[in-house]
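Participant: Here's my sequence, what's the structure:
(one chain, ligands or ions: 2)
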Amino acid sequence: MRGESILIADDEKLIRWSLKQELIREGFDVLEAETVEQTLAFVREKEPDLIILDQRLPDGTGIDVLQEMRKEKNEVSVIMVTAVDRSDVAVQAMKLGASDYVTKPVNIEELKVVINKTLESTRLKRQVAHYLREQEKQYGFCGMIGSSPVMQKVFEQIQKVAKSSTTTVLITGESGTGKELVARAIYFLSDREGKPLMTVNCTALTETLIESELFGHEKGAFTDAKAQKKGIFELADGGTVFLDEIGDMTPALQAKLLRVLEQKTFRRVGGNSDITVDVRIIAATNQPLEAKIAEGKFRTDLYYRLNVANIHLPPLMERGDDVLLLANFFLQEFNTMFHKHFKGLSDETRDLFLQYHWPGNVRELRNVMERAVLLDDGDLIFAHHVKLGHLRNLPKAEEADKSEDAGVALSLYEIEKQTLIRALEKTNYNQSQAARLLKVGRDTLRYRMKKYGLLKKK
Ligand SMILES: Nc1ncnc2c1ncn2[C@@H]1O[C@H](COP(=O)(O)OP(=O)(O)OP(=O)(O)O)[C@@H](O)[C@H]1O
Ligand SMILES: [Mg+2]
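Facilitator: Ligands and ions are numbered 1, 2, ... in the order given. Next up, the predicted model:
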């Protein structure tokens with residue numbers, strides 16, 4: 001495809017001229033710039049498809065241009081031109097987002113290859129971005145895909161809740177159903193958008209740490225408290241605090257949180273004055289809080305304070321054809337990431353996906369798609385590319401309870417083993433290559449191979 005525009009940024013007229021002749025012959029539109037300033041002006045005004053950027057310019061460097069473009073979130077593709085002995089510049093340029101580099105003196109044939117490769121991947125990225133935007137416009141809402149009635153209802157609830165900027169929200173749903181995405185959506189649609197959004201994972205920290213994390217501490221409050229520190233509630237003043245995995249909070253912290261909800265005040269650890277803040281709280285949990293209350297592990301009063309508005313995310317298996325929408329959405333995402341060209345799912349895979357009960361919900365589907373796209377090539381994702389746990393209607397009803405746990409454990413074991421075998425077969429049992437493919441170290445790979453009895457095979 002031609003008619004694409006290339007900007008040559010170089011201060012040497014002769015180089016520009018000879019490059020330009022070559023590129024025009026190839027059918028490109030060519031723009032020329034001599035300085036950093038001119039280059040940036042062209043980038044802003046003419047939006048070229050590609051820049052061939054010399055490192056040495058009269059008023060600065062190519063790196064300066066890249067830095068400025070990054071600041072402006074401009075994503076025009078760049079091929080950097082560096083001196084042979086300046087691999088450090090090349091590395092820095094790639095880190096700043098350059099697509100590739102060539103060294104001086106420029107070999108025009110080499111440059112043409114690099115240009116075509118870069119433009120090809122730019123085209124692909126644009127197509128995918130366009131596709132994802134269209135999907136999102138048609139079936140999505142704030143980065144969440146879903147056209148099923150149950151998800152449409154969730155989207156409506158998000159919109160309603162977002163309008164009131166003080167209402168506390170409790171998001172419930174199994175693991176992997178998208179609770180974090182909902183929390184973000186509420187934040188982005190509310191008039192607290194642009195103000196702080198602070199997330200706390202209540203499982204990740206010990207009792208003392210989480211308390212100081214949430215409320216801050218005074219100097220000397222405990223051994224490591226060398227200076228006064230503001231906590232999340234203070235830092236989020238005017239904004240939103242997202243308390244993730246709230247079901248894991250200890251009773252002592254639950255009491256303190258209740259006080260924040262009721263009075264909007266708290267004290268720093270070791271402090272004795274009340275601090276008042278204006279924050280909206282969004283909480284999420286994948287645990288059934290009613291059951292925790294019955295066991296005496298979660299405070300009823302806190303539950304009611306949090307549950308002012310409740311958004312419940314249905315499990316993926318209750319969302320009908322959303323499974324297929326989501327699968328295609330992730331397929332495109334991983335196509336781009338791994339430079340693959342899958343076009344869709346085979347009929348058999350579609351049926352399989354609609355049958356399967358997805359215990360890990362959307363996260364599991366995303367992982368399944370990632371693995372399939374990474375480890376295979378072709379047009380369609382076939383059923384044998386995807387390894388799922390047991391199917392929802394396979395175990396007989398009366399056996400289902402007993403076999404549930406065994407089924408999940410077995411399937412995880414099987415999934416990992418099959419993934420290993422495929423990576424090894426694909427690389428002819430070359431362990432270094434297989435490790436790279438699976439993004440693990442060689443030691444990890446060998447450990448797993450041993451675990452699954454795969455070490456002997458050569
Ligand atoms: N409707 C959706 N559309 C697109 N992606 C989704 C959707 N729902 C979830 N995801 C993706 O699935 C993954 C899991 O989502 P998320 O982390 O929000 O789940 P969660 O409910 O918070 O799970 P957990 O309880 O385990 O924390 C993420 O990668 C998220 O981007
Ligand atoms: Mg989560």
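
Participant: Just give the number of residues close to residue 295.
Facilitator: 8 (other Cβ atoms under 10 Å). No exception for glycine: its C-beta is placed from N, CA and C like everyone else's.

Participant: Can you give me the separation between it and residue 302?
Facilitator: 15 Å (Cβ to Cβ, to the nearest Å).

Participant: Ok, residue 281 next?
Facilitator: Using Cβ to Cβ, residue 281 is found at 11 Å from residue 302.

Participant: can you list residues touching both of the two?
Facilitator: Here residue 281 and residue 302 share the contacting residues residue 261, scored by Cβ atoms under 8 Å, 6 or more residues apart in numbering.

Participant: For the residue of the chain found nearest ligand 2, give me phi and psi.
Facilitator: Here the chain gets closest to ligand 2 at one residue, residue 180, 4.2 Å apart by Cβ to the ion. Main-chain torsions, residue 180, degrees, to the nearest 10: phi -70, psi -40.

Participant: again, but for residue 260
Facilitator: Phi and psi for residue 260, reported as degrees, to the nearest 10, are phi -60, psi -40.

Participant: Residue 138 sits in which helix or strand?
Facilitator: Assessed by DSSP states H and E, residue 138 sits inside helix 108-139.

Participant: for that helix, what is the average pLDDT?
Facilitator: Here helix 108-139 scores 84 as its mean pLDDT.

Participant: thinking in terms of the whole chain, how far from its middle is that helix?
Facilitator: 20 Å (Cα atoms, centre = their mean, to the nearest Å).

Participant: Please apply the same query to stretch 98-114.
Facilitator: 32 Å.

Participant: Likewise for stretch 296-308?
Facilitator: Worked out by Cα atoms, centre = their mean, stretch 296-308 lies 31 Å from the chain centre.

Participant: Would you mind pulling the contact partners of that stretch?
Facilitator: Applying Cβ under 8 Å, 6+ apart, the external contacts of stretch 296-308 come out as 167-170, 246-247, 251, 254-255, 257-258, 261-262, 281, 283, 289, 292-293.

Participant: confidence score at whatever residue of the stretch 201-350 of the chain ends up closest to ligand 1?
Facilitator: In the stretch 201-350 of the chain, no residue comes nearer to ligand 1 than residue 286, which is 3.8 Å away by Cβ to the nearest ligand atom. At residue 286, the model reports a pLDDT of 93.

Participant: repeat for residue 437
Facilitator: For residue 437, the model assigns a pLDDT of 82.

Participant: Please report how far it lies from residue 182.
Facilitator: According to Cβ to Cβ, residue 437 and residue 182 sit 34 Å apart.

Participant: Tell me which of these two has more neighbours.
Facilitator: Ranked by neighbour count (other Cβ under 10 Å), residue 437 and residue 182 place residue 182 first, with 26 against 18.

Participant: need the contact list for the more buried one.
Facilitator: Neighbour list for residue 182: 144, 154, 158, 171, 284, 311, 313 [criterion: Cβ under 8 Å, 6+ apart].

Participant: out of these, who's near ligand 1?
Facilitator: Among these, proximity to ligand 1 is found for residue 144 (Cβ under 6 Å from any ligand atom).

Participant: Out of the contacts of residue 182, give me the one that has the most neighbours.
Facilitator: Neighbour max across the contacts of residue 182 (other Cβ under 10 Å) = residue 171, 30 neighbours.

Participant: mind checking the SS state of that one?
Facilitator: strand (DSSP: H, G, I helix; E, B strand; the rest coil).

Participant: and it, bridged to which residues?
Facilitator: residue 284, residue 311 (DSSP bridges).

Participant: residues contacting it?
Facilitator: Counting by Cβ under 8 Å, 6+ apart, residue 171 has contacts 179, 182-183, 282-285, 310-313.

Participant: can you rerun that using 10 Å?
Facilitator: Contacts for residue 171 (Cβ atoms under 10 Å, 6 or more residues apart in numbering) come out as 154, 157-158, 161, 177-183, 186, 242, 244, 246, 282-286, 306, 309-313.

Participant: Among these, which are located in helices?
Facilitator: 154, 157-158, 161, 179-183, 186, 306 (DSSP state H).

Participant: Tell me which two of the residues you listed sit farthest apart.
Facilitator: Largest separation among these by Cβ to Cβ: 181 and 306, giving 19.1 Å.

Participant: These two - which one has more neighbours?
Facilitator: For residue 181 versus residue 306, neighbours defined as other Cβ under 10 Å are more numerous around residue 306 (27 against 18).
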